[in-house]
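J.: 3D, please:
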Amino acid sequence: MVTLPASITDVITNSQREVNSMAAPVRVRKVGNSLGVILTKDVVESLGVAEGDELFAIRTAEGIRLTPYDPDFAKAIESTRDYMRRHRNALRELAKR
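T.: Predicted coordinates:
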């Protein structure tokens, strides 16, 4: 499991609670050669997103979860932080050069 910074985890958790507590219908519409999903104002506010922001659709056992946070990026950041913790002294020495 990926450990996210507290602020991101809090936002995701709060958004999930708000979205889970409301049954917000979404409408699928044709946008050019693609299909788009129209989100209600309440859903947009609870996710903390605006027009032009990127959302990630994550397939779960319950269906699809929309989140503004890329789980692959979070894994990469956690992996990098772990590497930096393990090699702290070597990185310090390299920074002196």
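
J.: which pLDDT value belongs to the residue most central in space within the chain?
T.: With distances taken as Cα atoms, centre = their mean, Tyr69 lies nearest the centre of the chain, 1.4 Å away. Note on Tyr69: pLDDT of 77.

J.: I figured it hits Ile58, correct?
T.: No - at 9.6 Å, Tyr69 does not count as touching Ile58 under the criterion of Cβ atoms under 8 Å. Placement of C-beta: from N, CA and C, glycine included.

J.: so where do the strands sit in the protein?
T.: Along the chain, counting by DSSP state E, strands occupy 27-31, 34-38, 56-60, 63-67.

J.: pLDDT score assigned to the closest residue to Thr40 other than its chain neighbours?
T.: In space, and not counting its chain neighbours, Thr40 is closest to Ala24: 5.0 Å by Cβ to Cβ, 6 or more residues apart in numbering. Per-residue pLDDT puts Ala24 at 70.

J.: residues near Ala24, how many?
T.: By the criterion of other Cβ atoms under 10 Å, Ala24 has 14 neighbours.

J.: where's it relative to Asn89, distance?
T.: Counting by Cβ to Cβ, to the nearest Å, the gap from Ala24 to Asn89 is 51 Å.
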